[in-house]
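Asker: for reference, the sequence and a predicted model appear below.
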Amino acid sequence: MDLRAEILSEHSRAQSLHIAAWIGPHPERFAALIHLFLHDEYRVVQRAAWIVSFVAERHPELLTPHLPAMVARMEETGMPVAVRRNVLRVLQYLRIPESLQGPVMNSCFAFLEDPLETVAVKAFSMTILANLAKDYPDIKNEIRLLIAAELENNPTPGIRSRARRVLKEIQ
């Protein structure tokens with residue numbers, strides 16, 4: 001399969017699931033997808049991001065060798081929101097390796113503080129920080145303060161729902 005051509009041929013959930021099924025548990029196919037996700041043009045990155053999240057749900061072990069590159073790319077300024085959103089979507093379900101916990105934590109705090117960041121990125125950041133707070137309980141107060149500010153400045157239904165869940169979890 002010409003992965004890039006398939007990604008560009010159609011943008012639909014069905015097509016993304018079809019490609020994710022083809023990738024399956026194959027590390028070499030997943031590596032090709034990650035390469036497109038991290039290094040191609042915006043449209044390919046955006047579509048590949050959805051496929052990455054589908055594969056990660058079924059085969060999270062495939063992500064492990066790619067996590068450092070994914071986190072580094074997520075931290076870059078000017079990165080398409082699709083990259084940040086989908087890297088964070090995946091990270092909220094994983095045990096983040098200790099070597100990446102600091103950079104991920106810093107990024108999530110920065111995303112929550114950014115008034116221009118999207119609701120999805122902020123919501124995923126809240127969940128990741130709540131997960132990290134299990135190992136770093138000292139960050140709970142900062143999470144609470146940022147969530148309170150977010151609820152005051154951006155009280156969308158998605159933010160309110162995620163904030164309630166996260167605040168309950170870190171109590």
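Answerer: Great, that's in hand. Residues are numbered from 1 along each chain as shown.
Asker: residues in contact with Val81?
Answerer: Thr118, Val121 (Cβ atoms under 8 Å, 6 or more residues apart in numbering). To be clear about C-beta, it is placed using only N, CA and C from the backbone, and glycine gets the same treatment.
Asker: how much space separates it from Arg89?
Answerer: Distance, Val81 to Arg89, by Cβ to Cβ, to the nearest Å: 12 Å.
Asker: kindly report the same for Val121.
Answerer: 9 Å.
Asker: in the one helix or strand in the chain whose mean pLDDT sits lowest, what counts as buried?
Answerer: Each helix and strand of the chain was given a mean pLDDT (mean pLDDT, DSSP states H and E); the minimum falls on helix 81-91 at a mean of 86. Using 16 or more other Cβ atoms under 10 Å as the test for burial, helix 81-91 gives Ala82, Val83, Arg84, Arg85, Asn86, Val87, Leu88, Arg89, Val90, Leu91.
Asker: so Ala82 sits right up against Ser53, yeah?
Answerer: No. Counting by Cβ atoms under 8 Å, Ala82 sits too far from Ser53 to count as a contact (10.4 Å).
Asker: how about the helix or strand where Ser99 lies: buried residues?
Answerer: Ser99 belongs to helix 98-113 when elements are defined using DSSP states H and E. For helix 98-113, the buried set under the neighbour-count rule, 16+ other Cβ under 10 Å, comprises Leu100, Gln101, Val104, Met105, Ser107, Cys108, Phe109, Phe111, Leu112.
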